[in-house]
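Visitor: A predicted structure for the sequence below; I have some questions about it.
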Amino acid sequence: MNIKNYLIVATVLLAAACTNSTAKNEHTAEKQPIPAGAVEMQYNKHLYFQVMLRDSIPARMIFDTGSNNLLIDSTFYASTFGEGKNLRRAMLGGAGDGYELTTLDASGWRYSVGEESYTESMAIVMNLRKILGDGVDGLFGTPFMQGKRVEFNYADGYMRFLAEDEKIGEDFTAIQCKRLDNIERIIIPLSVIFNDGYTLDGNFLMDTGMPNELSLNSATANRLKTEGHLANARRMRYEVGGIGGSRVDNYLNTKQISIGGKSINDIRITYSENEQGSLADSRYDGLVGNALFARFDVIFDFVNWVIYLRPNQNFDKPQPNNFGIGFTPNGDHWTVNALLEGGNAERAGLRQGDRIETINGIKATDDQSSLYPLPDQLTLSVQRDNTLVEIVVNKE
């Protein structure tokens, strides 16, 4: 990690989403047994792993290819490691439209996932739970994967490191990618066909820290808006949009996304209004995230910078219903972090900052499997001014 004047610029997309440690994987049907040597992975918007810090401390962490560092939530850090030593301060940027002050612990950090381990010289300590909710202790990034070929099976919920001599099946499609400025970041080519017929053949940063399919950065979006290709978009502001603060997304439907010769129709994407951070970086056209990769069996080759894709049972599955609400899970409730401007939820009376006690009668601490697939209507029990208010929201 390069530090200059204690300034770190990391492109980490940590979008707030309605997630919970007990939630059913909404993208899968019947899971198959995990193969020998694989590590269990929970896919629910993000990729969750059981990580062992310093050989003995378990932590629930997200794997994020948008990060070049180990990040630890400040509350978890304080309760587990105390005040720490060799601390410095740094500014960190990410998916939010700005930078925020964080702490660096330069005391050395060994961590392992399954049988594989890695050591980083320092960890970034910050309040991750305000972004991702109380069920997250930290995240780890691409340095852990360097020099390896790794299978991520979204449908069956596991990660597996391939042996050096293991051949990849012919039913996988190989996509030659690029490395971003000689760091452990992958740029993948894909095409987007907009509803007016315009085709964008772009280069997108692979970001498993982003829950949705694809987001255009603001530089690309500004060009396409000028050319008239981003009509009928709808605006949504996140109070906590990721590392770096708030952000504004615009949602629009596209005709098709094509990747590795495979096409997916009628996909909802976003474009950013950010002036800073990963969604304002002009070195690439945008970010491609988990909801797109979840349609495939995926092998990331961090040796040759190749991604292998094979459509799985979720390939043609339609996107879940959209209610124009951004949730952050906070223990026994959800906090409304974002609302679609003029959307059904806003018109029904929901407000940013509202505390949601139940969704269709289900609490944040319950098994939420009965919520999925998302129905056409949500009944929200909202705590407001010491009174429970019922708000019914129809899908967009």
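Guide: Sure thing, it's come through.
Visitor: What count of nearby residues applies to the nearest residue to W305 once chain neighbours are set aside?
Guide: Closest residue to W305 apart from its sequence neighbours, by Cβ to Cβ, 6 or more residues apart in numbering: C177 at 4.9 Å. For the C-beta atoms, the positions are set from N, CA and C on the backbone; glycine is no exception. Look at C177: counted by other Cβ atoms under 10 Å, it has 20 neighbours.
Visitor: cool, and L132?
Guide: Neighbours of L132 using other Cβ under 10 Å come to 26.
Visitor: my guess is V393 contacts N322, does it?
Guide: No: between V393 and N322 there is no contact under Cβ atoms under 8 Å: 10.7 Å.
Visitor: Let me know how buried the closest residue to T199 other than its chain neighbours is, in neighbour terms.
Guide: Excluding its sequence neighbours, the residue lying closest to T199 (Cβ to Cβ, 6+ apart) is I193, at 5.1 Å. Neighbour count of I193, defined by other Cβ under 10 Å: 17.
Visitor: Now I193, what are its backbone angles?
Guide: phi -100, psi 120 (degrees, to the nearest 10).
Visitor: start to end distance for stretch 342-359?
Guide: From its first residue to its last, stretch 342-359 covers 21 Å (Cα to Cα, to the nearest Å).
Visitor: Same question for that stretch: list its buried residues.
Guide: 343-346, 350, 354, 356, 358-359 (16 or more other Cβ atoms under 10 Å).
Visitor: which of those sit farthest apart?
Guide: G343 and T358 (20.7 Å; Cβ to Cβ).
Visitor: quick one on the thing from earlier: what pLDDT does the residue nearest to W305 get?
Guide: With respect to pLDDT, C177 has a value of 95.
Visitor: Touching, it and V306? I think so.
Guide: Yes: counting by Cβ under 8 Å, C177 touches V306, with 6.3 Å between them.
Visitor: In space, what's closest to A231 - neighbours in sequence excluded?
Guide: In space, A231 is closest to D196, 7.0 Å off (Cβ to Cβ, 6+ apart).
Visitor: Pretty sure the one you found sits in a strand.
Guide: No: under DSSP: H, G, I helix; E, B strand; the rest coil, D196 falls outside any strand and is assigned coil.
Visitor: ok now do it, which residues does it touch?
Guide: By Cβ atoms under 8 Å, 6 or more residues apart in numbering, D196 lies in contact with 228-229, 231.
Visitor: quick one: least confident of those?
Guide: Among the contacts of D196, A231 has the weakest pLDDT, 89.
Visitor: Spit out the contact partners of it.
Guide: Contacts of A231 (Cβ under 8 Å, 6+ apart): 195-196, 252.
Visitor: Could you do D249 as well?
Guide: 215, 235-238, 241, 270-273.
Visitor: re earlier: would you format the contacts of D196 as TSV with secondary structure and distance to D332 included?
Guide: Output for the contacts of D196, formatted as TSV (DSSP: H, G, I helix; E, B strand; the rest coil; distance: Cβ to Cβ, whole Å):
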residue	secondary structure	distance to D332
G228	coil	47
H229	coil	44
A231	coil	42
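Visitor: which one of those residues sits closest to F296?
Guide: Among the contacts of D196, and counting by Cβ to Cβ, the member closest to F296 is H229, at 26.7 Å.
Visitor: and that closest one, how many neighbours?
Guide: Neighbourhood size, H229 [other Cβ under 10 Å]: 18.
Visitor: give me phi/psi at the closest residue to it other than its chain neighbours?
Guide: Among residues not flanking H229 along the chain, Y198 sits closest, at 4.6 Å (Cβ to Cβ, 6+ apart). When read as degrees, to the nearest 10, the backbone of Y198 gives phi -70, psi 140.
Visitor: list the contacts for Y198?
Guide: Applying Cβ under 8 Å, 6+ apart, the residues contacting Y198 are 224, 227, 229.
Visitor: pLDDT for the buried residues of stretch 342-359 - can I get that in JSON lines?
Guide: Formatted as JSON lines, the buried residues of stretch 342-359 follow (pLDDT from 0 to 100):
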{"residue": "G343", "pLDDT": "94"}
{"residue": "N344", "pLDDT": "96"}
{"residue": "A345", "pLDDT": "96"}
{"residue": "E346", "pLDDT": "95"}
{"residue": "L350", "pLDDT": "96"}
{"residue": "D354", "pLDDT": "93"}
{"residue": "I356", "pLDDT": "95"}
{"residue": "T358", "pLDDT": "94"}
{"residue": "I359", "pLDDT": "94"}
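Visitor: Which ones among the residues you listed lie within helices?
Guide: Using DSSP state H, the subset of the buried residues of stretch 342-359 located in helices is 344-346.
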